[in-house]
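# what follows is a protein structure lacking sequence information:
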């Protein structure tokens, strides 16, 4: 770190937060100790102003006033206090949900009441929930007492203060071999090579560690790793989900965009704005359109959109839920808020109103998810945009005229309807039944009937046109001619590329057609599409009243300006959620758990920050230093807390078994992508090719419901050796190997992955055709370097585990290899705990 | 069948691993991330209150989580594509009377893909069965002989008339993807009853997946341990990666067995240097469990030890019933060995030729085939469970995503009907021979007491000793339940 910054940090440290000495019995603080218990366990029901039983436990006054049954506490008299009565005993009455309070929590409350139930809430403390409070940078605590020389960065001083308060001390620093393995997995999702390990272990320069981080951050492998995290958060998938789970062949541009953004260290505010409204901000740039793949990332109900008829109940439900996904994804991703809980009523726990929720739906009222053309050549793209805008305007004029035409009728038109009906029935009869075979003859006959139906339909349209008033018909014909002219000009442009993204104008697919202008969004009573209330104006969260909660729009019919307004609301430096949310995510991926352990929920139902001051300090630091991920990584990775050993300690584990306060590093199981990628790197087969259409690890057959069959895939096929971030992600049928390793369902927003250890996973690691084949490649690689088995075993260990085997390990594996061959040795090493866990 | 399963057995003997796990250690393994292990894992993740207010499980509650359980296990038969209630269980004299006349139940009739055709009576005859006198169609005569064991729910309502969302709803309680299946919830709530097989097993239709694919039996946000493990009856590798691929010649029986011993030795050495970390131990045990599964899975699929009478009962000797029969028999064998929840699918997704219950074109032909496939084996399952004394604590749950219209589509088919359809339950703790709720005179809409999947799910959980309101998992800010914010235990159907 440079001197200038350090000076600034020291200056900030003047108003240090006091921390109690190790082991001392501190006075119970209402503000710091009792309030958090109430917030976490009681306010779910007794929150806000009108809690259950008339009781609000959000303030000290609320406790004194009590509810229908009288005051909750009598200062100095714990045994007279209703609160104590309710929460203690063999079967406590409260809390109703989530099991009784812990014994030490009850004891803490009792002690606080006994000591007079003093309210030590500082003057001016914001009564709002922590995440709704304005973001200000707290002072950095002084490092005192034990371990005063431990901190390497301001982060460590926050961590140390909390450790001491809890009676904990940090662990020693991990050795260099452990650190390079940890760092390389953390930033690349790959193991270091033996050469890289040797170089780092023997690098005598003062900033060897910092240099290593810089090297890792500069590699494109970094974007592949961290881009994948982002894709989890936004539930990126490449098929629609639901029934008829069609493939999205053009989604990958967004995946590449994300990887590129991380590698280029795009400022976070820009990253946010591009994903919500890149097409509005940079209308002529391919990047702007591609970035809105964010809005389209989630599942989409093909049948509901493309097959259901306009005006039906289920169509309304489909559209409502589709916008719900856009709202939920946006606000979970960028703000860590659960606004989707306010779809049927005001949010029960957080200050989110139902009309806030529908204001957010109104932001997305004009967009759908669809394939959208773009050109890398800005001039061509501009020309295309202008032509498409003309085309759209013509279509808007045409729409009522076509509707008018469809109303025309006459004797022949009615006969045609009958004929079409009878042909359709004939065609239906030719559909193969259960247990039958669909023969070519039947198919041909059906196609023939389809042609006849089409011909009749054309005839009918022509007849109807002749019945139109002359003027109307003339207008219709003029518009159609214009449309044809525009289409000709569009045809003359170079072939565009396509991206699956947010789209307000696109080629219809069945009954899936563009909105042309934002669809009206109403507040829905009880979330019921049949009970619309007031119309909603585009906007966001009212509780954050220093940011305009409803968006003033010059052109309300321009849907793009709505998305841009939301993008600006989120990226505003004064937004209290945005900056806390993202630094918490980054922290989560570095440490295995966030400062707030529910990265998508900063509300009352989520976890509370273990280090609230640190979270705010980091958020301001990140925001004010350009929103640079790479700077944030370096700040975190150079900390002493990151560099700790993952070794256990019985005494400390008794105080904090879950390591919430980070007295050691967390040992972590490799995630699915890291397993697959590592095996390829170790076997020497990893293909570093970046970007482009996704690799399909399955046999594909298009059908009403397409078939994705992973068992019919050649594990040595071209593309199989590329990184897992480039594989094609099917929603309905997950890749069995990846799924067994907890790769999440792409229909779910996944702020953090689970990490299970199951028999099915063990079977996959042992027997999956890809892994079994890679063990052979691994053996081949080792064999080509060394002739003798002991040297081969040593080389295999170095490649896979980054170290030489012990004498005993070597003897065991050589003996095993003599009996069963090197391939089996390699297969075992890839199944070892040492390979699967990072210390 | 027996030829195939012997093959499995032989393979597992050749290539499986030595079994040297003591029972208590195996129990620990299965529990890792499952059942009580789910709670343990939750603590590791820093979450709490996942199984809100759970009492201690144990024999005092007969295996129940919140109260005494009446049933221990469930087998769900899912008719994919929407099985018609008016051609099976929901008898309506009015349809016989008005067949061919204009369908006019009053109000606007909004169908999924067609305009309503005339009223269409079922092509099958109806008659009364059992002491309860329940009317059943001649499409399901074998089930007819079980009616005194069955509780019918003819006023089921779906929130969607589209296959994908509606299939999700019956499985997970939500019409969107991303929610855990009922089997996963039960696995999470109650954990395993055996050491050798998964807790939640799915037997898919060999013709293909139902709409939504395996997402129908996913664990979603619950730990992956709880997802449905697919067993493909009759395939050489019935569970994905159960055995190494044939192409991997270097893996032999001995290399596998010796390998597991070497692996454990390496892993124990690794663990000794690192001190207490229960995950390192758990992963060692997961390999022991995998080895056991290699032995137990082929064994459970091998029906050669079943008597000729049993095989005949399930229709294994007839073309039409042999496949579904084999899977129903396998379901019983799984349940017998302690699997908690088995889901058997009848019907795949849409495509031509038809391979499911979605009979838009021709009810007689398509339901004829699907119904005959299903009837005898489903009835056999009830009878077989009863004769083995297992029906009293096993729930048989028959359902579909929605029903079909009493009017015709085209000339011979029926369109979707989300407004009323029939599900039935039998066994563990239920009253037999009852019908709860009713559809209207057409079987077009639920007449009174509309029942949603929430109510059936709540009832099934209740019988398993689970309070559906207290089986929760917090995900993205909401304490999620199988029953969302709904659900009523149908006491009227409980014995």
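Received the coordinates, thanks. None of the values given here were measured: they were computed from a predicted structure. Numbers count the residues shown, from 1 in each chain, chains lettered A, B, ... in the order given.

# the helices in the stretch 201-350 of chain B, which residues?
Counting by DSSP state H, counting those that start in this stretch, the stretch 201-350 of chain B has helices at residues B:253-272, B:278-301, B:308-313, B:319-336.

# do the longest one and chain A meet?
Just to be clear, that refers to helix B:278-301. Yes. Remark: helix B:278-301 sits within contact range of chain A at B:279-280, B:282-284, B:286-287, B:289-290, B:292-294, by C-beta under 8 Å from any C-beta of the partner chain. For every residue, glycine as well, the C-beta is placed using N, CA and C.

# identify all contacting residues around stretch B:434-452.
Identification of contacts with stretch B:434-452 by C-beta atoms under 8 Å, 6 or more residues apart in numbering or on different chains yields B:85-86, B:90, B:92, B:94-95, B:103, B:105, B:109, B:119, B:132, B:134, B:151-159, B:403, B:405-406, B:417, B:419-420, B:486, B:490, B:492-493.

# just the buried positions in it, please.
Within stretch B:434-452, the residues that count as buried by 16 or more other C-beta atoms under 10 Å in any protein chain shown are B:434-440, B:442-447, B:451-452.

# quick one on the thing from earlier: now render the residues of helix B:278-301 next to chain A as CSV, adding pLDDT and neighbour count.
Putting those into CSV (pLDDT from 0 to 100; neighbours: other C-beta atoms under 10 Å in any protein chain shown) gives the following:
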residue, pLDDT, neighbour count
B:279, 90, 20
B:280, 92, 22
B:282, 90, 20
B:283, 94, 25
B:284, 94, 23
B:286, 93, 23
B:287, 95, 26
B:289, 91, 28
B:290, 93, 25
B:292, 93, 21
B:293, 93, 23
B:294, 93, 27
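
# between the residues you listed, which is nearest residue A:205?
Lowest distance from residue A:205 to those (C-beta to C-beta) belongs to residue B:280, with 35.2 Å.

# thought that closest one was touching residue B:273?
No. Residue B:280 is not in contact with residue B:273 according to C-beta atoms under 8 Å; the separation is 10.3 Å.

# next structured bit after the helix ranked longest in chain A?
Counting by DSSP state H, the longest helix found in chain A is helix A:378-407. Downstream of helix A:378-407, the next assigned helix or strand under DSSP states H and E is helix A:411-429.

# close to chain B, is that following helix?
Yes. Helix A:411-429 is in contact with chain B by C-beta under 8 Å from any C-beta, via A:424-425, A:428-429.

# just give me the neighbour total for the residue nearest to residue B:421 when sequence neighbours are not counted.
In space, not counting the residues next to it along the chain, residue B:421 is nearest to residue B:403; the distance is 2.7 Å by C-beta to C-beta, 6 or more residues apart in numbering or on different chains. Counted with other C-beta atoms under 10 Å in any protein chain shown, residues neighbouring residue B:403 total 32.

# can you pull the contacts of residue B:403?
B:82-86, B:90, B:156, B:416-422, B:443.

# picking up where we left off before, any chance of the residues of helix B:278-301 next to chain A in a markdown table, with distance to residue A:696 too?
A markdown table is the format used below for the residues of helix B:278-301 next to chain A (distance: C-beta to C-beta, whole Å):
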| residue | distance to residue A:696 |
| --- | --- |
| B:279 | 33 |
| B:280 | 36 |
| B:282 | 34 |
| B:283 | 31 |
| B:284 | 35 |
| B:286 | 30 |
| B:287 | 31 |
| B:289 | 32 |
| B:290 | 28 |
| B:292 | 34 |
| B:293 | 29 |
| B:294 | 30 |
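
# picking up where we left off before, may I see the buried residues of the longest helix of chain A?
By neighbour count on 16+ other C-beta under 10 Å, the buried set for helix A:378-407 is A:381, A:383-385, A:387-388, A:390-391, A:394-395, A:398, A:401, A:405.

# picking up where we left off before, looking at the contacts of residue B:403, which are in strands?
When DSSP state E defines the strands, the subset of these inside them is B:156, B:416-417, B:421-422.

# so which of those residues is the most crowded?
Neighbour counts for the ones in strands among the contacts of residue B:403 (other C-beta under 10 Å) peak at residue B:421, which has 32 neighbours.

# ok, what's across the strand from that one?
When bridges are called by DSSP bridges, residue B:421 pairs up with residue B:156.

# got a list of what it touches?
Shown in contact with residue B:421 (C-beta under 8 Å, 6+ apart): B:82-83, B:85, B:154, B:156-158, B:400, B:402-404.

# repeat that with 10 Å
Applying C-beta atoms under 10 Å, 6 or more residues apart in numbering or on different chains, we find residue B:421 in contact with B:82-86, B:88-90, B:153-158, B:166, B:399-404, B:439, B:443, B:446, B:451.

# before we move on, what about residue A:55?
Taking C-beta under 10 Å, 6+ apart, we find residue A:55 in contact with A:42, A:45-47, A:62-63, A:65-72, A:82-83.

# ok but residue B:151 is inside a strand, no?
Yes. Residue B:151: assigned to a strand according to DSSP: H, G, I helix; E, B strand; the rest coil.

# could you report the separation of the residue nearest to it when sequence neighbours are not counted from chain A?
Among residues not flanking residue B:151 along the chain, residue B:493 sits closest, at 4.4 Å (C-beta to C-beta, 6+ apart). Distance from residue B:493 to chain A, counting by C-beta to the nearest C-beta, to the nearest Å: 28 Å.

# wait, residue B:493 sits on residue B:152?
Yes. In this structure, residue B:493 is within contact of residue B:152 by C-beta atoms under 10 Å, at 9.0 Å.

# which SSE is the residue of the stretch 51-200 of chain B found nearest chain A in?
Here the stretch 51-200 of chain B gets closest to chain A at one residue, residue B:164, 3.1 Å apart by C-beta to the nearest C-beta. Applying DSSP H and E as the criterion places residue B:164 in helix B:163-172.

# for the helix or strand just after that helix, give the mean pLDDT please.
Counting by DSSP H and E, the element after helix B:163-172 in chain order, helix or strand, is helix B:182-190. Averaging pLDDT along helix B:182-190 yields 95.

# can you tell me the SS state at the residue of the stretch 301-450 of chain B at minimum distance from chain A?
Proximity to chain A, evaluated over the stretch 301-450 of chain B using C-beta to the nearest C-beta, is greatest for residue B:353 at 3.1 Å. Counting by three-state DSSP, the backbone at residue B:353 sits in coil.

# just give the nearest non-adjacent residue to it, would you?
Using C-beta to C-beta, 6+ apart, the closest residue to residue B:353 is residue A:432 (3.1 Å).

# so residue A:95 touches residue A:83, yeah?
No. Contact status for residue A:95 versus residue A:83: not in contact, 11.3 Å apart, counting by C-beta under 10 Å.

# beta-bridge partners for the residue nearest the centre of chain B, please?
In chain B, the centroid-proximal residue (C-alpha atoms, centre = their mean) is residue B:343; its distance is 2.3 Å. Legend: beta-bridge partners of residue B:343 under DSSP bridges are residue B:76, residue B:202.

# now do the same contact list for it.
By C-beta under 10 Å, 6+ apart, the contact list for residue B:343 reads B:74-78, B:171, B:181-183, B:200-204, B:216-217, B:228, B:230, B:331, B:397.

# can you pull the pLDDT of it?
Confidence at residue B:343, expressed as pLDDT, is 98.

# the one 10 residues further on now?
With respect to pLDDT, residue B:353 has a value of 81.

# wait, it sits on residue A:431?
Yes. Proximity of residue B:353 to residue A:431 meets the contact threshold set by C-beta under 10 Å, at 7.4 Å.
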